[in-house]
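1. no sequence for this one, just the structure:
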């Protein structure tokens, strides 16, 4: 058995030290410790002083592994009796070989096993470090690949916008050329009449239709996103029993037709009116009913009380004040009793919207103050007029309220509040 009382080697202390190092290695490999450099183990076990101390302890143990197999120099004894003590020591060692030889073999076997274990642990950590480095490299490469894919998707989307714009422009140009040639054929051999010239001039107003379609596709958002936002207005139509054959919905400035498509998907009767021929053509291709007319001209052609709802999303900010008041008056006239008018527009109370984002669309006139639009609807005959604030910024865009909560809260009210609002009124 091991000589635990041998002053030159403390096997229990050596085993305790080795066990501590193994425990450290296990804890570092099972945790989320940062990966060390070079080929050393991660965490605290990568400390070169710890490894050198362990190696030094093993070297000392190796030097004393054969304790009991040799005689000490006994220099502490006087020279006169040193030979006697040495002889007695050799005699004791000779008869004690039954114990010392197995003890020496056991010590050497333990030390050899410890060295193999430690080398295995260090090799395992080197492999773990190499795996971590490869994993981090693979993660970096994957991130770069994802970024590259996002860039390609963005470029592909921009290419689609450009192709759509070119297609729409080409179709419009073909239509204008065909119109010009037809009018020229009709008037030959005479020159163009005044009416025909006015028709040519009217076509000039549609030169930018395709450009605005491409602009909407780039900045407005996807159709799915817009339909999800507009779904908030469906309860108002249900409340007023709008969307039937007797009380249809009219959408002014129907644009790409997301609202009309949403109404159709919910089994509601609706039609739209828009002056953009390209947008109206796209809506018709989707099976939606859209008239290519000026909104006032179309409203004036409708009888009193013929609609259940009049809607307009991001349209009133394009109109001057006098035109806006006329729109509200006509909308009130054509609505049946209990009908609803809904007009959505950017919210200037959000400073980012009112001072910057609003002007991204060059056709916008000016931001519209919410309470002013509420007053205008009431002035034009609507009742129970309400304001509905919509689409605040995501929580991630808000300022943290840790250090200065009152100031951060106030700034968030100005910068991250609702980006849009709707003014909603009912026909008495």
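-> In hand now; what should we look at? Every value quoted in this text rests on a predicted model; they were computed, and no experiment measured them. Numbering: from 1, shown residues only.
2. distance of the closest residue to residue 428 other than its chain neighbours from residue 341?
-> Leaving aside its sequence neighbours, residue 428 sits nearest to residue 383 (C-beta to C-beta, 6 or more residues apart in numbering; 4.9 Å). Glycine gets a C-beta too; all of them are placed from N, C-alpha and C. Distance, residue 383 to residue 341, by C-beta to C-beta, to the nearest Å: 11 Å.
3. remind me which residues of this protein are low pLDDT?
-> 1-54, 58, 62-106, 158, 161-162, 164-220, 396 (pLDDT under 70).
4. How is it partitioned into domains?
-> Here the domain parsing of the chain from automatic domain parsing is 11-148, 221-426.
5. winner for burial among those?
-> When the domains of the chain are scored by mean count of other C-beta atoms under 10 Å, the highest mean neighbour count falls to domain 221-426 (a mean of 17).
6. Can you say which of the domains of the chain is nearest to residue 156?
-> domain 11-148 (12.4 Å; C-beta to C-beta).
7. who's in contact with residue 345?
-> The contact partners of residue 345, taken as C-beta atoms under 8 Å, 6 or more residues apart in numbering, are 314, 315, 316, 317, 368, 373, 420, 421, 422, 423.
8. Pipe those into JSON lines and attach distance to residue 112 and secondary structure per row.
-> Shown next, in JSON lines, are the contacts of residue 345 (distance: C-beta to C-beta, whole Å; DSSP: H, G, I helix; E, B strand; the rest coil):
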{"residue": "314", "distance to residue 112": "82", "secondary structure": "coil"}
{"residue": "315", "distance to residue 112": "87", "secondary structure": "coil"}
{"residue": "316", "distance to residue 112": "89", "secondary structure": "helix"}
{"residue": "317", "distance to residue 112": "85", "secondary structure": "helix"}
{"residue": "368", "distance to residue 112": "87", "secondary structure": "coil"}
{"residue": "373", "distance to residue 112": "89", "secondary structure": "helix"}
{"residue": "420", "distance to residue 112": "77", "secondary structure": "strand"}
{"residue": "421", "distance to residue 112": "81", "secondary structure": "strand"}
{"residue": "422", "distance to residue 112": "83", "secondary structure": "strand"}
{"residue": "423", "distance to residue 112": "88", "secondary structure": "strand"}
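9. just these now: which is nearest residue 123?
-> Closest to residue 123, out of all of the contacts of residue 345 and judged by C-beta to C-beta, is residue 420, at 62.8 Å.
10. does the closest one have beta-bridge partners, and which?
-> Taking DSSP bridges as the rule, residue 420 bridges to residue 346, residue 390.
11. Which parts of the chain are strands?
-> Under the criterion DSSP state E, the chain contains strands at 249-252, 270-274, 290-292, 307-313, 335-346, 383-390, 420-426.
12. neighbouring contacts of the fourth one?
-> In this case it means strand 307-313. By C-beta under 8 Å, 6+ apart, strand 307-313 touches 230, 233, 236-237, 240-244, 246-253, 255, 259, 327, 331, 334-336, 339-344.
13. related to what we said a few turns ago, please identify every residue contacting each of residue 383 and residue 341.
-> 425, 426, 427.
14. which one of these is nearest residue 269?
-> residue 427 (18.0 Å).
15. how many neighbours does that closest one have?
-> 23 (other C-beta atoms under 10 Å).
16. start at 649 instead
-> That works, and once the first residue is 649, the last one we named lands at residue 1075.
17. Would you mind confirming that it is in contact with residue 980?
-> Yes: Residue 1075 sits in contact with residue 980 when judged by C-beta atoms under 8 Å, with a separation of 6.0 Å.
18. Between these two, which contacts overlap?
-> Common neighbours of residue 1075 and residue 980, using C-beta under 8 Å, 6+ apart, are 989, 1029, 1030.
19. Can you tell me the closest non-neighbouring residue to residue 946?
-> residue 921 (4.7 Å).
20. ok, that neighbour touching residue 898?
-> Yes: assessed by C-beta under 8 Å, residue 921 is found in contact with residue 898 at 6.9 Å.
21. of the contacts of residue 993, closest to residue 951?
-> Within the contacts of residue 993, the smallest distance to residue 951 is 22.8 Å, found for residue 963 (C-beta to C-beta).
22. how close does that closest one sit to residue 1012?
-> 11 Å.
23. cool, residue 785 as well?
-> Residue 785 is 49 Å from residue 1012, by C-beta to C-beta.
24. cool, residue 788 as well?
-> From residue 788 to residue 1012 the distance is 43 Å (C-beta to C-beta).
25. do residue 979 as well
-> From residue 979 to residue 1012 the distance is 21 Å (C-beta to C-beta).
26. now swap in residue 1030 and tell me
-> In terms of C-beta to C-beta, residue 1030 sits 24 Å off from residue 1012.
27. swap in residue 1041?
-> On the measure of C-beta to C-beta, residue 1041 and residue 1012 end up 20 Å apart.
28. ditto for residue 1028
-> Residue 1028 is 22 Å from residue 1012, by C-beta to C-beta.
29. repeat for residue 927
-> 17 Å.
30. Isn't the residue nearest to residue 1076 up against residue 1025?
-> No: counting by C-beta under 8 Å, residue 1031 does not reach residue 1025; the two are 9.1 Å apart.
31. Overlap in contacts, those two.
-> In contact with both residue 1031 and residue 1025: residue 1073, using C-beta under 8 Å, 6+ apart.
32. which non-adjacent residue is nearest residue 977?
-> residue 1028 (4.8 Å).
33. cool, and residue 890?
-> Nearest to residue 890 is residue 956, by C-beta to C-beta, 6+ apart, at 3.1 Å.
34. Look up how far residue 984 lies from the one you found.
-> Taking C-beta to C-beta, one finds residue 956 at 6 Å from residue 984.
35. Mutual contacts of those two, please.
-> The contact lists of residue 956 and residue 984 share residue 895, where a contact means C-beta under 8 Å, 6+ apart.
36. What's the end-to-end length of stretch 991-1006?
-> 16 Å (C-alpha to C-alpha, to the nearest Å).
37. Stretch 1008-1027 too?
-> 31 Å.
38. circling back to that earlier point, and the residue nearest to residue 1076, how far is that from residue 906?
-> Residue 1031 is 29 Å from residue 906, by C-beta to C-beta.
39. follow-up on the earlier one: who does the residue nearest to residue 1076 form a beta bridge with?
-> residue 1074.
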